[in-house]
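*Asks:* Have a look; sequence and predicted model below, questions after that.
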Amino acid sequence: MVKICGIGAGYVGGPTMAVIALKCPSIEVAVVDISHSRISAWNSQKLPIYEPGLEEVVKQCRGKNLLFSTDVEKHVHEADIIFVSVNTPTKIRGLGAGKAADLTYWESAARMIADVSKSNKIVVEKSTVPVRTAEAIEKILAHNSKGIKYQILSNPEFLSEGTAIQDLLKPDRVLIGGNEEPEGQKAILKLKSVYANWVPEDRIITTNLWSAELSKLADNAFMAQRISSINAMSALCEATGAEVSQVSNVLCKNTKLGPKYLNASVGFGGSCFQKDILNLVYICESNGLMEVANYWKEVIKVNDYQKSRFVNKVVTSMFNTVSGKKIAILGFAFKKDTSDTRKTPAIDVCKGLLGDNACLSIYDPRVTEDQIQKDLSMDGVEWDHPIHLQPTSSTTVKQVNVVGDAYEATKDAHGICILTEWDEFKTIDYQRVFDNMQKPAFIFDGRNILNVDKLREIGFIVYSIGRPLDQ
Ligand code: NAD
């Protein structure tokens with residue numbers, strides 16, 4: 001029986017290993033993590049992350065061929081294939097700080113694999129890593145090998161949070177990169193045979209190691225670039241009377257472009273886009289490709305600009321100050337159907353409004369109060385917009401209330417900001433909301449999900465991205 005060990009039980013490691021267990025009943029899958037609290041949550045009724053469909057998959061397999069454990073060494077030792085899905089955040093200090101990927105977690109996982117292994121292993125890079133990371137991993141493993149042979153494969157994950165289970169069950173592609181020697185090709189075939197249990201052969205792409213590693217960075221950079229491109233157009237729409245939804249509809253119908261990632265919004269978030277583009281920028285700079293680095297830097301700059309533009313729009317629309325005014329924040333997660341708040345635009349928008357002394361009443365269906373308070377505490381938090389949105393030193397978390405539903409959040413509010421596209425925000429009784437708000441009542445739709453005409457009929461002053469304000 002093949003044994004798989006997944007190191008890292010996060011947003012990628014948890015769901016990917018669970019789906020492998022579901023689709024390969026004859027494979028034993030152990031998911032290990034150094035975080036005791038995460039593992040005990042995986043073993044409980046309340047999983048550590050929210051993903052539609054995840055609970056069902058875990059319930060079906062846990063206790064059969066899927067287990068979650070903190071005994072990293074035991075399960076690594078027993079495994080034939082080890083997937084490493086540890087975090088690879090942006091380095092915060094030292095060489096490359098603010099751009100390069102921090103591979104500390106990866107390196108410690110590799111050293112531990114070398115320490116405890118007593119048989120040959122396939123080590124799979126599931127995390128997103130800089131191109132040529134496999135070379136470094138190979139060195140660490142080879143120098144500590146005790147005669148054991150390792151094959152390193154790059155198998156980057158393309159799931160999106162919020163649709164992770166669907167993406168894993170029906171992936172548009174599975175990418176496997178390996179070295180071109182016969183042993184590397186053998187390892188590719190072995191990993192391919194795992195995916196072949198449910199993924200059609202024509203969706204499994206094999207490449208060399210470096211193409212696979214770079215493809216993942218390129219993939220995220222291209223998606224983020226589309227969002228920044230349409231968001232840049234939204235600013236121009238507001239200045240000229242064009243409507244971004246009409247413009248994007250025209251672009252979507254271009255079969256050479258396709259419809260995805262062309263919705264204007266308050267900006268992209270999530271743990272990956274910014275970090276992976278920064279990583280790409282760093283790699284370009286390290287290779288002396290300054291112009292190429294600058295090109296990708298602009299994608300992030302436009303995203304930052306979009307968030308600060310949104311805050312400025314709220315403040316200027318509300319008569320140039322939000323000081324002491326209650327603003328309802330609907331949605332805090334970086335996208336719908338996830339509880340993840342990493343790099344969510346809501347953090348920067350809320351901090352910008354707090355910087356202007358607003359009082360925030362926040363509601364998100366899946367994000368906990370603790371998480372929101374943590375994300376908004378000003379201490380030690382990197383501030384992305386030193387020029388536009390500097391928070392005042394008097395800002396305290398007392399200005400923030402986290403509440404249990406949208407009606408409570410909006411009661412007596414002067415304005416509403418929609419920051420996540422949760423479906424439930426489309427079906428709120430906006431007449432009731434309007435009746436209970438201060439007047440004039442403003443709505444700033446940062447996700448363009450609401451029916452602007454209907455809201456205007458009710459009496460709201462509405463701003464949606466890429467349309468002029470109706471004052
Ligand atoms: P995460 O922070 O949710 O999970 C990483 C886990 O690894 C944590 O639970 C941490 O405790 C654990 N860990 C760290 N070092 C360890 C070690 N030495 N041994 C055991 N466990 C260890 O991160 P994530 O969102 O799952 O992302 C993981 C990787 O996948 C990143 O490289 C990311 O860029 C990539 N990725 C993420 C997504 C996404 O949507 N989140 C999608 C595709 C790829």
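*Replies:* Yep, that arrived.
*Asks:* What are the neighbouring residues in contact with the residue of the chain found nearest the ligand?
*Replies:* Residue nearest to the ligand within the chain (Cβ to the nearest ligand atom): Gly10, separated by 1.9 Å. (Glycine included, C-beta is placed from N, CA and C.) Going by Cβ atoms under 8 Å, 6 or more residues apart in numbering, Gly10 touches Asp33, Arg38, Ile49, Ser85, Val86, Asn87.
*Asks:* likewise Ser215?
*Replies:* Pro156, Leu175, Gly177, Thr207.
*Asks:* Could I get the phi/psi values of Gly10?
*Replies:* In terms of degrees, to the nearest 10, the main-chain angles of Gly10 are phi -100, psi -150.
*Asks:* The one 3 residues further on now?
*Replies:* Comment: the main-chain dihedrals of Gly13 come out as phi -60, psi -40, following degrees, to the nearest 10.
*Asks:* Please work out how many residues are found near it.
*Replies:* 25 (other Cβ atoms under 10 Å).
*Asks:* And it, how close does it get to Gln151?
*Replies:* With distances taken as Cβ to Cβ, to the nearest Å, Gly13 is found 20 Å from Gln151.
*Asks:* again with Ser339
*Replies:* 36 Å.
*Asks:* for Thr427, same thing?
*Replies:* From Thr427 to Gln151 the distance is 51 Å (Cβ to Cβ).
*Asks:* Quick check: residues of the stretch 151-300 of the chain near the ligand?
*Replies:* Within reach of the ligand by Cβ under 6 Å from any ligand atom, the stretch 151-300 of the chain has these residues: Glu157, Leu159, Glu161, Ser271, Cys272.
*Asks:* The nearest residue in space to the fourth one that is not next to it in sequence: neighbouring residues, count only.
*Replies:* In this case it means Ser271. The shortest distance from Ser271 to any non-neighbouring residue, by Cβ to Cβ, 6 or more residues apart in numbering, is to Arg342 (3.8 Å). Residues contacting Arg342 under the criterion other Cβ under 10 Å number 19.
*Asks:* got it, and the one 10 residues further on?
*Replies:* Residues within reach of Gly352, counting by other Cβ under 10 Å, total 25.
*Asks:* Surely it is in contact with Lys307?
*Replies:* Yes: applying Cβ atoms under 8 Å, one finds Gly352 in contact with Lys307, separated by 7.4 Å.
*Asks:* Dihedrals phi and psi, the residue nearest the centre of the chain?
*Replies:* Geometric centre of the chain, nearest residue: Gly270, 2.8 Å, by Cα atoms, centre = their mean. When read as degrees, to the nearest 10, the backbone of Gly270 gives phi 90, psi 160.
*Asks:* Could you do Arg62 as well?
*Replies:* Per degrees, to the nearest 10, the backbone of Arg62 is at phi -60, psi 130.
*Asks:* Could you report the neighbour count for it?
*Replies:* For Arg62, using other Cβ under 10 Å, the count is 16.
*Asks:* Next, work out how far apart it and Glu56 are.
*Replies:* Counting by Cβ to Cβ - Arg62 and Glu56 are separated by 11 Å.
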